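Asker: Mind folding the following:
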Amino acid sequence: MLVQIRKWEHTDAADLSAALSNKKVQDNLRDGLPYPYTEQDGQDYISAMLAANENDTFAFAVMADEKVIGSIGAFRQANIHSKTAELGYYIAEEYWGKGIMTEAVKQLCEYVFSHTDIIRIYAEPFACNIGSCRVLEKAGFQCEGTLRSNAVKNGTVLDMKMYARLRKEV
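Answerer: Reported below is the predicted structural model:
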């Protein structure tokens, strides 16, 4: 299956809303996303990503089967962390476990490291999200530790893992 990341297009909103209108997908993400996730929500997100500073926000649609099946982005941090970016991603449930997100993460890291001055990309998945942890490991990220009792999701206190990949490790 051909996997690629590309810039968002306004016509992606329907596919985006289909991927995010799934409780299992949203249970692995930070709070703040509407549920159900409507096509208008998708339009708003896409507009925000297209208007964002291209030196600070690296947001892409994840494509497979010739359609948008998810989202991936790296977001430059501020102050002393200005050469660091936080990674976030998700794909539709029916595409879990197929190696798609691992390939998308590799492509995003290659893009960010080759087009910017960023030296570190990190991600903080919930420790219980074994699939996401495996994605990062297979994409060359190293686990730097466990952030104990670091989040509350759906009323449950959760640990998170800290993963990072450095430019010099590419």
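
Asker: Need the residues that contact stretch 157-164.
Answerer: Applying C-beta atoms under 8 Å, 6 or more residues apart in numbering, the contact partners of stretch 157-164 are 120-128, 133, 136-137, 141-152. Glycine gets a C-beta too; all of them are placed from N, C-alpha and C.

Asker: ugh, wrong one, stretch 28-48
Answerer: With contact meaning C-beta under 8 Å, 6+ apart, stretch 28-48 is reached by 8-10, 12-14, 16-17, 20-21, 23, 26, 88, 90, 125-126, 129, 132, 153.

Asker: Among the residues you listed, name the ones in helices.
Answerer: Members of these lying in helices (criterion: DSSP state H): A13, A14, L16, S17, L20, K23, Q26, S132.

Asker: mind listing what the second one touches?
Answerer: Meaning A14. So A14 contacts E39, G42 (C-beta under 8 Å, 6+ apart).

Asker: Just confirm V135 is within a strand.
Answerer: No. Counting by DSSP: H, G, I helix; E, B strand; the rest coil, V135 is not part of a strand but helix.

Asker: Counting neighbours, what do you get for it?
Answerer: For V135, the number of neighbouring residues by other C-beta atoms under 10 Å comes to 26.

Asker: Could you list the low-pLDDT ranges of this structure?
Answerer: 170 (pLDDT under 70).

Asker: Go through it and flag its longest helix.
Answerer: Ordering each helix of the chain by length in residues (DSSP H) puts helix 100-115 first.

Asker: Nearest residue to the middle of the protein?
Answerer: Taking C-alpha atoms, centre = their mean, the centroid of the chain lies closest to Y89, which sits 1.7 Å from it.

Asker: Tell me the spacing between that residue and F58.
Answerer: Y89 sits 12 Å away from F58, going by C-beta to C-beta, to the nearest Å.

Asker: repeat for A151
Answerer: A151 is 24 Å from F58, where distance means C-beta to C-beta.

Asker: Look at the two and report which has more neighbours.
Answerer: Remark: of A151 and F58, F58 carries more neighbours, 24 against 15, as counted by other C-beta under 10 Å.

Asker: Provide the partner residues of E86 in its beta bridges.
Answerer: For E86, the beta-bridge assignment (DSSP bridges) gives partners F75, Y122.

Asker: cool, and L147?
Answerer: Using DSSP bridges, the bridge partners assigned to L147 are M160.

Asker: how close does it sit to E124?
Answerer: The spacing between L147 and E124, counted by C-beta to C-beta, is 7 Å.
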